[in-house]
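With the sequence up front, the predicted model follows.
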2 protein chains.
Amino acid sequence: METRNAPFETKLLDRLMEKAGIDLLLATSKPNVQYLLGGYRFHFYEHFDAIGQSRYLPIFLYPRGKPDRTVYIGHKMEIAQHEVEPLWVATSRAVSAGSADAMQHAIPWLKELRPRRIAVETAFLPADAMRVLQDGFPEADIIDALPVLERLRARKTAEEIGKLRSASDRVIDAMLAVIAGHGPGSTKRELVEALRREETVRGLQFDYCLITAGTSLNRAPSDQPWRQGDILSLDSGGNYQGYIGDVCRMGVLGDPDSELVDLLAEVDAIQQAAMRAVRAGAAGGAIYTAAETALRDAPDREQIDFVAHGMGLVSHEIPHLTSTGPVSYEAEDAECPVETSMVLSIETTLQHRRRGFIKLEDTVLVGPDGFEILGEAGRGWNRGAAA
Amino acid sequence: METRNAPFETKLLDRLMEKAGIDLLLATSKPNVQYLLGGYRFHFYEHFDAIGQSRYLPIFLYPRGKPDRTVYIGHKMEIAQHEVEPLWVATSRAVSAGSADAMQHAIPWLKELRPRRIAVETAFLPADAMRVLQDGFPEADIIDALPVLERLRARKTAEEIGKLRSASDRVIDAMLAVIAGHGPGSTKRELVEALRREETVRGLQFDYCLITAGTSLNRAPSDQPWRQGDILSLDSGGNYQGYIGDVCRMGVLGDPDSELVDLLAEVDAIQQAAMRAVRAGAAGGAIYTAAETALRDAPDREQIDFVAHGMGLVSHEIPHLTSTGPVSYEAEDAECPVETSMVLSIETTLQHRRRGFIKLEDTVLVGPDGFEILGEAGRGWNRGAAA
């Protein structure tokens, strides 16, 4: 089979693997397999994982320094899609039915490579497939591939930035349609279902919606109605061709009073301060410093939380500017400069005891001299429909 | 905390666990956790699995014979949903962020129970969480929970049957809307995207659509247009509150000629023969025998495949009437009688070399004296829109 050009920087991947002493990389999560296959996702299992007793497990095998020996092990049914969307890899086999047998199909390719240190996605490799791998290579050191794969994906290509921009724009557009199209009495559950529809008709995959109405701080969908005078927060993730749009926008039924206007302005001031610190070469920690400085002047600072983190195919990825995840990169990323074409999610949340949940979340592209918001619409108070 | 009545048959689960020598059951897949929690699904992770470096892992712990000591370990963010939808379990903890730490939170509850044989979902438990479990219980025997959980779910309640009926009806209705609303020039990709929208607006989660047009047997979405005179097959799965609708219906642009009418009738005759064999007490294998007898009279028998299998929260589950999965129950289920309130998917596929892909797939409820099709609409040739 002919090998096409790899759709990612193989030299960067080789360097990262060498630094970690990895001979062989096995990617098995949907986002990483999509990245390494240049955008390919098996359509049948895009929305779910299993039709029967085992689950779908795509396996992408990359031997360090040998992009021409990359192997992809897919599900039997993938053959039809490979016919219409040929893969770049040297070898692709559409042979598996579940997770353990997928790994059994991979083993012969691995044997030939005699790997000493294998990196796998430990949270995205089922126990039964891991067992097959361990039994096949009792001598090999099996470590977590996560740091290498996250670093590989950190700087986005123009095509990826385009998809992230589309994702943000479409999520916002869907939110504004839902707010403008609903009035008093609509329940939080109905509003979430409406957002799911509005995102879907815009070509997005709906991932989730956290929602509050009125003065409640509870963000779960429920039968709570949106009432005249109530504020509303919609914090939703949807993805466009795998790339995440994740924003928060505010609605209100009626005109916001001056206190509500001031509270949203207070949240926005922190967002703006943080965004002004975003430029290539700035230390990641400088974004937090800027937000913290602005927070000092905020009247409601004790009820405000600020978070910023990288995003792309995954909602929270490099650069990790906080240590909220199970793997902490804080020291490393907070001290490292952010780089051109990284994409950040920046979020400021005011949980106001008396007025409710007021939040803005924006997606920001790191440029050589500053930042660009991907998706700027609807950052003020958006009016719901009249009764 | 007060323990409500369990939403499943705890005595049946206890018997199944005892037969397999299992002290403790850990369910970690979305369908099984939903079943054991009586329909509850954490809304945030209903459509995807991860926002960051690890993945969502709900853990339902059931100690044999002690439903009052059932524990649920959920994600930190689940607390808001538990406030509005209280769980039946004695103890629920919304504490985890990823897969390994979820298991770390579970370990103290397990220690107290001193289990000797633990059953887990090996294909739905990530390697890192399995490692935590193995390290916590180096002496315990860890086996696959799949046979016990599948058997527990085999007979459906009236509520489950209602959801399966809704799922089938809605998938069919969406298909008929797509066929009637599209004409010559629509591509297979556009038709699949239209079906995703039509299923979504009907309250379904779209899972997948396999599609053929014209004489091609390739079922992947692509830029191939549906042309005047072409037949079309839509084989889609969508779920309603977790329950699968999975049917196949046929479309055509123009009037089907007599050969096409005869070919679909040939497929339907095999479906009908198989369905007539469905009744409580009949051996599972009798359904295949009936289909095989009908096949002997079918002019195109060499191009026809017949499949029948149980379905519910998962597309292929007990009764397994064939051995297509990685775990074979064939002998057991083929010889066992099917039982009232089991639900079957019955599918006949004609891959005609000259005319293309012609298939019907139906969902059938097993009743005490016969069968009932869940979703009967659109079983003939459905006309597409005029040019």
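Now that the structure is in, tell me what you want to look at.

what residue ranges in the stretch 151-300 of chain A score low on pLDDT?
Within the stretch 151-300 of chain A, no stretch falls below the threshold (pLDDT under 70).

Please, which helix or strand holds A:Leu152?
helix A:146-153 (DSSP states H and E).

Who are the packing partners of that helix?
Judged by 3 or more CB pairs under 8 Å, 6 or more residues apart in numbering or on different chains; DSSP states H and E, helix A:146-153 is in contact with helix A:10-19, strand A:24-27, helix A:30-36, strand A:317-320. The C-beta positions use only the backbone N, C-alpha and C, and glycine is treated the same way.

again, only using 6 Å
helix A:10-19 (3 or more CB pairs under 6 Å, 6 or more residues apart in numbering or on different chains; DSSP states H and E).

Just the angle for the helix it packs on relative to helix A:146-153, thanks.
Helix A:10-19 runs at 160 degrees relative to helix A:146-153, counting by axes from the mean of the first three to the mean of the last three CA atoms, to 10 degrees.

what does helix A:10-19 contact?
With contact meaning CB atoms under 6 Å, 6 or more residues apart in numbering or on different chains, helix A:10-19 is reached by A:64-65, A:67, A:148, A:151-152.

want to throw those residues into TSV with neighbour count?
Below are those laid out as TSV (neighbours: other CB atoms under 10 Å in any protein chain shown):
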residue	neighbour count
A:Arg64	22
A:Gly65	14
A:Pro67	19
A:Val148	22
A:Arg151	20
A:Leu152	23
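
can you list the residues of the stretch 151-300 of chain A near chain B?
A:197, A:200-201, A:207-208, A:218-222 (CB under 6 Å from any CB of the partner chain).

Show me the longest helix that occurs in chain A.
Using DSSP state H to define each element, chain A has its longest helix at helix A:158-181.

for the following helix or strand past that helix, packing partners?
Per DSSP H and E, the first helix or strand lying C-terminal to helix A:158-181 is helix A:188-201. If you count contacts as 3+ CB pairs under 6 Å, 6+ apart, helix A:188-201 packs onto helix A:158-181, strand A:205-213, helix B:188-201.

Which residue ranges of the stretch 201-350 of chain A form strands?
Along the stretch 201-350 of chain A, the segments classed as strands by DSSP state E, counting those that start in this stretch run A:205-213, A:231-240, A:243-252, A:304-310, A:317-320, A:343-352.

domain assignment for chain A?
According to automatic domain parsing, chain A comprises the domains A:10-153, A:158-383.

thinking again about what came up before, which stretch among the helices and strands packed on helix A:188-201 approaches B:His320 most closely?
helix B:188-201 (26.8 Å; CB to CB).

hang on, A:Phe206 packs against A:Tyr240?
No. Between A:Phe206 and A:Tyr240 there is no contact, the gap being 11.2 Å when judged by CB atoms under 6 Å.

Would you mark the buried spots in stretch A:248-255?
A:248-254 (16 or more other CB atoms under 10 Å in any protein chain shown).

how far out from the middle of the chain is it?
Offset of stretch A:248-255 from its chain centre (CA atoms, centre = their mean, to the nearest Å): 26 Å.

cool, stretch A:158-166 as well?
With CA atoms, centre = their mean, you get 13 Å for stretch A:158-166.

buried residues in that stretch?
A:160-161, A:163-166.

How about stretch A:255-272?
Buried, per 16+ other CB under 10 Å, within stretch A:255-272: A:256, A:260, A:263-264, A:266-272.

Now find how far off-centre it is within its chain.
27 Å.

likewise stretch A:213-232?
26 Å.

Contacts made by it with the rest, please.
Residues from elsewhere that reach stretch A:213-232 (CB under 6 Å, 6+ apart): A:184-189, A:192, A:210, A:212, A:251-254, A:351, A:356-357, B:43, B:80-81, B:83-84.

could you dump it to PDB, C-alpha only?
Extracted C-alpha coordinates of stretch A:213-232, given in PDB (Å, rounded to 0.1, in the frame of the first residue of the first chain):
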ATOM      1  CA  ALA A 213     -32.600  29.800  35.900                       C
ATOM      2  CA  GLY A 214     -33.600  32.500  38.400                       C
ATOM      3  CA  THR A 215     -31.600  32.700  41.600                       C
ATOM      4  CA  SER A 216     -30.900  28.900  41.800                       C
ATOM      5  CA  LEU A 217     -27.300  27.800  41.400                       C
ATOM      6  CA  ASN A 218     -28.300  24.300  40.400                       C
ATOM      7  CA  ARG A 219     -27.100  23.500  36.800                       C
ATOM      8  CA  ALA A 220     -28.900  20.200  36.100                       C
ATOM      9  CA  PRO A 221     -31.800  20.100  33.700                       C
ATOM     10  CA  SER A 222     -35.100  19.800  35.600                       C
ATOM     11  CA  ASP A 223     -38.700  20.800  35.500                       C
ATOM     12  CA  GLN A 224     -37.900  24.200  37.000                       C
ATOM     13  CA  PRO A 225     -39.600  26.900  34.900                       C
ATOM     14  CA  TRP A 226     -37.900  30.000  33.500                       C
ATOM     15  CA  ARG A 227     -40.100  32.800  34.900                       C
ATOM     16  CA  GLN A 228     -40.700  36.400  34.000                       C
ATOM     17  CA  GLY A 229     -37.800  38.500  35.400                       C
ATOM     18  CA  ASP A 230     -35.500  35.400  35.800                       C
ATOM     19  CA  ILE A 231     -32.000  35.300  34.500                       C
ATOM     20  CA  LEU A 232     -30.800  32.200  32.600                       C
END
